[in-house]
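**Student:** Just to be clear, the model below is a prediction. Sequence and coordinates:
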Amino acid sequence: MGRDEYAIVLEYLPYGLVDTKDRRPSAIVLTDSLSLLLVSLKKDVVVESGKRVYIGEEKRDEIHHIIKRIAPDKLSESGLQNLKNMVHKAAQDNEKKYVEILNTLGPINVRLHALELIPGLGKKMTQKMIEERQKKPFESYADIDARLQLASGISHGIEQRILEEISETDKYRIFT
């Protein structure tokens, strides 16, 4: 997988992160592959939340350099809300991709299936999902919700799983 070219600004930090000595303007961004990065901004650049910025290898207009990967706990409340909104948007915009992933996920080991990592899917629901997708592959979130009779919806579980993967609380990755 190649490097990300673009990212969305989640939070502008005019004086850098609170818990560091570096006081240069920076921002926390969410890349297209759903990674959180702390980036240093060029001199006299101010970026707003929601702005799409170029982070690739070519000449950048707003971003000076990428400082490091960052955990969501460094975000303010508004930054965290922006993250949740962007993850929701990504889950909706990439429905076909995520449904295809759900149609092909397999076991991680003898005791754990990758589908069980998605919040809302336990062992029994995972088994039912495997049986249903063997009959006919799933076509959409609505198809999954109807055939499995999921109350909260599979898209909500996918969003929660993506947030867990961004937080790096689990060693397994499905969507990021």
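**Tutor:** Received, thanks. Since the structure is predicted, the reported quantities are computational estimates derived from the model, not experimental observations.

**Student:** tally of neighbours for residue 43?
**Tutor:** 7 (other Cβ atoms under 10 Å). The way it works is simple: take the backbone N, C-alpha and C, and place the C-beta from them, glycine included.

**Student:** Dihedrals phi and psi, it?
**Tutor:** phi -60, psi 140 (degrees, to the nearest 10).

**Student:** Could you check how far it is from residue 55?
**Tutor:** To residue 55, residue 43 is 17 Å away according to Cβ to Cβ, to the nearest Å.

**Student:** helix, strand or coil for the spatially closest residue to residue 22 that is not a sequence neighbour?
**Tutor:** Leaving aside its sequence neighbours, residue 22 sits nearest to residue 16 (Cβ to Cβ, 6 or more residues apart in numbering; 4.7 Å). Three-state call for residue 16 (DSSP: H, G, I helix; E, B strand; the rest coil): coil.

**Student:** Can you tell me the centre-most residue of the chain?
**Tutor:** residue 34 (3.9 Å; Cα atoms, centre = their mean).

**Student:** Does it touch residue 91 like I think?
**Tutor:** No - counting by Cβ atoms under 8 Å, residue 34 stays clear of residue 91, with 10.0 Å between them.
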